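>>> Predicted model follows, preceded by the sequence.
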Amino acid sequence: MALHISFRNDTDLGMRVDLERIRLLVEVSEDSRQELQPLTPDDVADTVLLKDNGKDPTAKRLPLPIPVGRPKPTRDANWTNFRDACQNAAVPTKIVGAHSTVEGLIYFDLRGEMDLLQTARLYVPNLAAMGSNQPISYFDIALGHGSGN
């Protein structure tokens, strides 16, 4: 899943966004919540292009006469082109200049469980002014139309 994010800075100072610490908080069940880390463009390409093509991993197969490991998927030109497209569409920088906007995609792997978005929250911590390591703000944004949490 890709979320289109826009960071707007209306101040006179540049801001830094800690992109690696952004989390998608999902509620798997009443007693189980998980924090999903953003995927890198490499992770996105691996997840989309190198998956097992929907084959049932529990299906019985005839044993091979010689023990053979599972072949490693190859990262061909299609993989590279897709990874590059993901990189080009991603949030391009951690720095939001004074009176400017930075936007792009942030990717998460929901493993096809799109209904988790109904109660999901996007957590963006550690927004800081340039030249300072002190966080000055954060965002916790509800994404779905869940029970009003």
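Noted; the coordinates are in hand.
>>> Please identify the buried residues of the longest helix seen in the chain?
Taking DSSP state H as the assignment, the helix of the chain that covers the most residues is helix 77-89. Residues Trp79, Phe82, Arg83, Cys86, Gln87 are the ones in helix 77-89 that count as buried (16 or more other C-beta atoms under 10 Å). Quick note: C-beta positions are derived from backbone N, CA and C, even for glycine.
>>> which one of those residues is nearest Val48?
Minimum distance to Val48 across the buried residues of helix 77-89 is 6.8 Å, recorded for Phe82 (C-beta to C-beta).
>>> Would you mind measuring from the closest one to Asn126?
30 Å (C-beta to C-beta, to the nearest Å).
>>> cool, Ala98 as well?
In terms of C-beta to C-beta, Ala98 sits 19 Å off from Asn126.
>>> Glu30 now?
Distance from Glu30 to Asn126, by C-beta to C-beta: 29 Å.
>>> Now do the same for Arg23: its pLDDT.
Listed pLDDT for Arg23 reads 95.
>>> number of nearby residues for it?
Using other C-beta atoms under 10 Å, Arg23 is surrounded by 17 other residues.
>>> all strands of the chain, in order?
2-9, 15-16, 23-29, 32-36, 95-96, 100-107, 121-129, 135-142 (DSSP state E).
>>> of all those, which lies closest to Val44?
Among the strands of the chain, strand 100-107 comes nearest to Val44, with 4.9 Å by C-beta to C-beta.
>>> tell me the mean pLDDT for that closest one?
If you average the pLDDT values across strand 100-107, you get 96.
>>> Need the residues that contact the least confident helix or strand in the chain by mean pLDDT.
The helix or strand of the chain with the poorest confidence is strand 135-142; it has a mean of 84 (mean pLDDT, DSSP states H and E). Contact partners of strand 135-142, identified using C-beta atoms under 8 Å, 6 or more residues apart in numbering, comprise Ala120, Arg121, Leu122, Tyr123, Val124, Pro125, Asn126, Leu127, Ala128, Ala129, Asn149.
>>> for stretch 28-36, same thing?
Residues contacting stretch 28-36 (C-beta under 8 Å, 6+ apart): Arg23, Leu24, Leu25, Val26, Glu27, Phe108, Asp109, Leu110, Leu116, Tyr123.
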